[in-house]
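A.B. asks: sequence first, then the predicted structure:
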Amino acid sequence: MKKTKLDQRSINLRKIVVSCLSKKGRGHVGPAMSMIEILRVIYDNFLKVTKKKRDRFILSKGHGCLALYAILYEKGLLKKKDLDSIGSFNSILGGHPEHFVPGIEFSTGALGHGFPLAAGVAKALKLKKLNSTVFCLLGDGEINEGSVWETALSVSKHKLNNLITLIDYNKLQSYDFNEVVLNLEPLSDKWKSFGFKVFEADGHNIKDIYNKISLAKKSKKQSVIIFHTIKGKGIESAENNRFWHFKANLNKDDIKKINNELTY
């Protein structure tokens, strides 16, 4: 895919993620870096919380939570002391998001669990006639799980057009590329066959992300957006590198090198 240049805000959000990495020297680097722009657009433009309406965001690919922590910190829901304590005893922030963290709806991380939760919430909102939207972000490796496709059947059956399914399609799982582990193609056709309106976008292009989510919100059918992304985006040595899915034993020199690479 064409390499999209990052703006300063996207670089700054990645630096917050790197700061989190520096506390315990480990974390899911690649999965966090590929989804930052998607989260940024959702939290900037589409999550509405008022007395009459409360939209929801559920991170089904919970291992990418460092990116979510960065966004929640930027939005004022987390404090600097929270980030500084990440992974420590009595910290509210761990390697996967938990429901007691401000701004997080459900504890996720077991792959394939967040999407069914999101569908249940969307169905409940329909039954209560509440005009709120549920956004659920899945990883592409995650959709190897059968529970994802069972949920897709249910979403289609119940016509849950208030649920917008988002896929971080970085094409690389924990130990190899998708096409080697379990080929997902033709991915768009699969979702269409389950009754979904399918959109595709550059997952690092802010304008493209915004436009496709806007179209999905207007759709009368249940919709899915396949975001084409780069695993490890923004860190040259981590991009499309399976060894950066989860990285451990990061030292001060490693952190310095990563920050120096965050310049584009």
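C.D. replies: That came in fine, so what should we check first?

A.B. asks: CA only for contacts and neighbour counts going forward, please
C.D. replies: Will do.

A.B. asks: keeping just the C-alphas, turn stretch 27-34 into PDB.
C.D. replies: Only the C-alpha atoms of stretch 27-34 are listed here, as PDB (Å, rounded to 0.1, in the frame of the first residue of the first chain):
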ATOM      1  CA  GLY A  27       4.300  -4.300  25.100                       C
ATOM      2  CA  HIS A  28       2.400  -4.900  21.800                       C
ATOM      3  CA  VAL A  29       4.100  -2.300  19.700                       C
ATOM      4  CA  GLY A  30       3.100  -3.300  16.200                       C
ATOM      5  CA  PRO A  31      -0.700  -3.700  16.900                       C
ATOM      6  CA  ALA A  32      -0.800  -0.400  18.700                       C
ATOM      7  CA  MET A  33       1.000   1.600  16.000                       C
ATOM      8  CA  SER A  34      -1.300   0.400  13.200                       C
END
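
A.B. asks: how distant is that stretch from the center of its chain?
C.D. replies: 10 Å (C-alpha atoms, centre = their mean, to the nearest Å).

A.B. asks: stretch 153-167 too?
C.D. replies: Relative to its chain's centre, stretch 153-167 lies at 17 Å (C-alpha atoms, centre = their mean).

A.B. asks: now it: buried residues?
C.D. replies: Applying a neighbour-count criterion of 16 or more other C-alpha atoms under 10 Å, one finds 153-156, 159-167 buried in stretch 153-167.

A.B. asks: among the residues you listed, which ones are in strands?
C.D. replies: If you go by DSSP state E, the buried residues of stretch 153-167 have 163-167 in strands.

A.B. asks: what is the host helix or strand of Leu125 packed up against?
C.D. replies: In this structure, Leu125 sits in helix 114-127 according to DSSP states H and E. Secondary-structure packing of helix 114-127 (3 or more C-alpha pairs under 8 Å, 6 or more residues apart in numbering; DSSP states H and E): strand 56-59, strand 134-139, helix 146-157, strand 163-169.
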